[in-house]
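Student: Build me a model:
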Amino acid sequence: MGMDAQLRIAIIGCGTLGTAIANGILEPKSETGFSVKHLTATVGTPASKKRVEETLGVNSHRLTVLTKEENVRAIQDAEIVILAMKPIKRAKVFAVSGFKEALRDKFVVSIMAGISTAALGRLVFGENASEDTASLQAVRAMPNMAAKIREAVTLYTPGVGTTEDNLEIADWIFHQVGVAYQMPEGSFDICAVLVGCAGSLLLLAIDGLLDAAVAEGVKRPDVQNLVVNSAIGMLKLVPEGDHPGVLREKIASPGGCSIRALLELEKLGVRSAFTTAILAAAAKSKSMSSS
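Tutor: Coordinates of the predicted model:
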């Protein structure tokens, strides 16, 4: 399948991330590359069906939204299937009659957190079907929530035997909602939690900073953008070549306010707490494929 191909895509479990991806590929950044001929999305409830139809309504002529009872139909009508349901629901979804069989000749893109390509193959073919598992055309991916504004970072890794043509499709899909990087699966869990969890940890830090402003009598809405935009600007210096540690030293001038704040954080063990949190998340991600 070459570039400029028109794709028929199904998104199974089209929640927040699934909807962001759907919006991105229905309205691609550029006219070059692939395009979506038809998108079928499945959701859990009639209320979710209405939400997706309203969100993607401008492309209603290329869109079908179904409830989860018609997952198999959605897969059968597609060439590419994006599995976007929560990983805790996978056993129930895969247990539906005909679901596994429908996936076997499709290109499967999974954004289920913590589910390796090998585990995905076992879900489709069963525990003992090692040769069949290796034949599954599949990519495991982890985009973050910034896909909603097309500024996501997405990591993806191919299953054994996945073709270059299918990798091009996966790369195109995720570049519509931000930037995408291919990496080996051995590094995926730790890198995926950095992409998927680091943002929430930084948001916790920002929330704490805003609490300090409130404690000093300043209203949270009055300073929220000040804090967020200051953090964004500083973080953008890192890709420009400034190491985080060097930047921190430049800001923390002798006898100043920043060094006092940093010393308090070190006293509280904040740096090691961040490290421990990410390592715990990576361990959880590794365990999910076998749970």
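Student: and Ala152, what are its bridge partners?
Tutor: Going by DSSP bridges, Ala152 is paired in beta bridges with Gly178.
Student: show me the contacts for it.
Tutor: Contacts for Ala152 (CB atoms under 8 Å, 6 or more residues apart in numbering) come out as Ala20, Pro143, Asn144, Met145, Ala146, Phe174, Val177, Gly178, Val179. All C-beta spots, glycine's among them, are computed from the backbone N, C-alpha and C.
Student: swap in Glu266?
Tutor: Per CB under 8 Å, 6+ apart, neighbours of Glu266: none.
Student: just use 106 as the starting number from now, easier for me
Tutor: Okay, residue one is now 106; in that scheme the one you just asked about reads as Glu371.
Student: That one belongs to a strand?
Tutor: No - using DSSP: H, G, I helix; E, B strand; the rest coil, the assignment for Glu371 is helix, not a strand.
Student: Break down the stretch 106-255 of the chain into its strands, ranges please.
Tutor: With DSSP state E, counting those that start in this stretch as the criterion, the stretch 106-255 of the chain has strands at 111-117, 140-148, 168-172, 185-188, 212-215, 242-247.
Student: before we move on, the earlier item: can you list the contacts of Ala257 in TSV and add distance to Ala207 and neighbour count?
Tutor: Below are the contacts of Ala257 laid out as TSV (distance: CB to CB, whole Å; neighbours: other CB atoms under 10 Å):
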residue	distance to Ala207	neighbour count
Ala125	25	24
Pro248	24	25
Asn249	29	22
Met250	29	14
Ala251	31	16
Phe279	23	28
Val282	26	26
Gly283	29	19
Val284	31	11
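Student: of all these, which comes closest to Tyr261?
Tutor: Phe279 (6.4 Å; CB to CB).
Student: Could you say which helix or strand holds the closest one?
Tutor: In the assignment (DSSP states H and E), Phe279 maps to helix 269-280.
Student: So which other helices or strands are in contact with that helix?
Tutor: Packing partners of helix 269-280 (3 or more CB pairs under 8 Å, 6 or more residues apart in numbering; DSSP states H and E): helix 121-131, strand 212-215, strand 242-247, strand 257-263, strand 283-287.
Student: go again using 6 Å as the cut-off
Tutor: Counting contacts by 3 or more CB pairs under 6 Å, 6 or more residues apart in numbering; DSSP states H and E, helix 269-280 packs against strand 257-263.
Student: Work out the gap between the strand it packs on and the centre of the chain.
Tutor: Centroid separation for strand 257-263 versus its chain: 7 Å, with CA atoms, centre = their mean, to the nearest Å.
Student: Repeat that for stretch 353-362.
Tutor: On CA atoms, centre = their mean, the centre of stretch 353-362 falls 36 Å from the chain's centre.
Student: returning to what we had before: what does the helix holding Phe279 contact?
Tutor: Met106, Ile130, Gly138, Phe139, Phe212, Val214, Gln242, Val244, Thr259, Tyr261, Pro263, Ala285 (CB atoms under 6 Å, 6 or more residues apart in numbering).
Student: same check, this time on stretch 385-396
Tutor: By CB under 6 Å, 6+ apart, stretch 385-396 touches Pro192, Gly219, Ile220, Ser221, Ala224, Asp294, Ile295, Val298, Cys302.
Student: Would you show me how to pick out the buried ones of the residues you listed in PyMOL?
Tutor: This is how PyMOL selects the buried members of those, with burial counted by 16 or more other CB atoms under 10 Å:
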select buried, resi 192+219+220+221+224+294+298+302
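Student: which two of the contacts of stretch 385-396 lie the greatest distance from each other?
Tutor: Longest distance between any two of the contacts of stretch 385-396 is 19.9 Å, between Ala224 and Cys302; criterion CB to CB.
Student: hang on, the earlier thing: which one of the strands of the stretch 106-255 of the chain lies nearest to Leu384?
Tutor: Evaluated over the strands of the stretch 106-255 of the chain, closeness to Leu384 peaks at strand 242-247, with 17.0 Å, by CB to CB.
Student: Direction included, what does the closest one pair up with?
Tutor: As defined by DSSP bridges, the strand partners of strand 242-247 come to strand 212-215 (parallel), strand 257-263 (antiparallel).
Student: I'd like these as TSV, with mean pLDDT and distance to Gly313 appended.
Tutor: Converted to TSV, those look like this (pLDDT from 0 to 100; distance: least, CB to CB, whole Å):
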stretch	mean pLDDT	distance to Gly313
strand 212-215	98	34
strand 257-263	96	24
